[in-house]
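Asks: what would the 3D arrangement of this be:
(one chain, ligands or ions: 1)
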Amino acid sequence: MVESRPVAESGGNEGTENGVDEGFDDAFALADRIPGWLTRDQARVLWDAASALTDGAHVVEIGSHQGRSTVVLARALGRNGGRLTAIDAFVDSPRYGGASTRAVLLANLEQAGVSSIVDVVVARSRQARSRWSEPIDLLWVDGKHDYWTCTDDLRWTRHLPDGGRCLVHDAFSSIGVTSSLMLNVLPSGRLRLIGRVGSLATIEVSRPHLADRFRFLAQLPWWVRNVVIKVLLRLGLGSVTRRLGHVGPFDPY
Ligand SMILES: C[S@@+](CC[C@H](N)C(=O)[O-])C[C@H]1O[C@@H](n2cnc3c(N)ncnc32)[C@H](O)[C@@H]1O
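Replies: Numbering: from 1, shown residues only. Take a look at the predicted model:
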């Protein structure tokens, strides 16, 4: 089995030239103690998206695990009186650890000083959505990565305003997430792909132009490459993945 990468690689986005950047290093230092799959550059995307929201914004996170992304979002929101609803089913699996992970998440939030900003909801995202009626300002999707769950998670975008953003992890990396994006974003009349940092895609609630659809299609070779790398890693052929520019034993994120 391919091991989960416990911490993110470093790289890029070190800027501290404007005020918004200053808190990121602190936030990421706290988050980087927590195991997970979010890279530093991707954490930066979450930070920037949450920091750009108006005061008192409400963000929904689907899939918190031990809180790596939760801490980054909550630290950004804490500066402008925002709130984060963190939804996780704490599914039993060797990868995610099951019910006991909730206590680890709560301890990590406490340690990062963000407990008062985060409402942890223990539920499957579909179940939580069926009870949800409030508008939200930003959506972060990093839950179950199969086609059906990701498709359902994209329905949370109905709670976003025009111009609101939905960030999706493992886009153009996992088959389930990518096929869901292919059927729900590529042909959509209300969602458009803005870009991606590694496998973190930024989707906006706005009418897509032709260029947005081409941008989406342009990511597909990268997706095929990632699927090939994942297969090679599972076959124990990690050395071959280097020829595809992939270094290390972990899946591409
Ligand atoms: C990839 S991890 C999230 C990682 C986290 N965002 C981070 O930065 O470390 C996926 C999480 O989704 C949760 N999950 C799986 N299926 C879910 C579902 N249907 N609804 C909500 N959470 C789910 C798992 O329990 C796991 O904690």
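Asks: surely residue 171 and residue 200 touch.
Replies: Yes: taking C-beta atoms under 8 Å as the definition, residue 171 is a contact partner of residue 200 at 6.9 Å. C-betas here are computed from N, CA, C, even on glycine.
Asks: and the closest residue to the ligand within the chain, how many residues sit next to it?
Replies: At 2.7 Å from the ligand, residue 36 is the closest residue in the chain, using C-beta to the nearest ligand atom. A total of 24 residues lie near residue 36 under the criterion other C-beta atoms under 10 Å.
Asks: grab the nearest non-local neighbour of it.
Replies: residue 68 (3.2 Å; C-beta to C-beta, 6 or more residues apart in numbering).
Asks: likewise residue 129?
Replies: residue 156 (5.9 Å).
Asks: what about the one you found, how many neighbours?
Replies: Applying other C-beta under 10 Å, I find that residue 156 has 21 neighbouring residues.
Asks: could you pull out the strands for the stretch 51-200 of the chain?
Replies: For the stretch 51-200 of the chain, the strands defined by DSSP state E, counting those that start in this stretch cover 58-62, 83-88, 118-122, 138-141, 165-168, 191-197, 200-205.
Asks: so does the longest one get close to the ligand?
Replies: In other words, strand 191-197. No: against the ligand, strand 191-197 shows no contacts by C-beta under 6 Å from any ligand atom, the least distance being 13.9 Å.
Asks: likewise for the fifth one?
Replies: No: counting by C-beta under 6 Å from any ligand atom, no contacts exist between strand 165-168 and the ligand, the nearest distance being 10.4 Å.
Asks: who are the packing partners of that strand?
Replies: The helices and strands touching strand 165-168, judged by 3 or more C-beta pairs under 8 Å, 6 or more residues apart in numbering; DSSP states H and E, are helix 40-51, strand 138-141, helix 147-154, strand 200-205.
Asks: which of the ones you listed is buried the deepest?
Replies: strand 138-141 (a mean of 26; mean count of other C-beta atoms under 10 Å).
Asks: is that one positioned near the ligand?
Replies: No: with C-beta under 6 Å from any ligand atom as the criterion, the ligand is not reached by strand 138-141; the gap is at least 7.4 Å.
Asks: partners of that strand in the sheet?
Replies: strand 58-62 (parallel), strand 165-168 (parallel) (DSSP bridges).
Asks: return the residues of the chain in contact with the ligand.
Replies: So the chain meets the ligand at 36-38, 62-65, 68-69, 87-91, 96, 124-125, 142-144, 149 (C-beta under 6 Å from any ligand atom).
Asks: can you give me the buried ones in stretch 104-121?
Replies: For stretch 104-121, burial by neighbour count (16 or more other C-beta atoms under 10 Å) applies to 104-105, 108-109, 112, 114, 117-118, 120-121.
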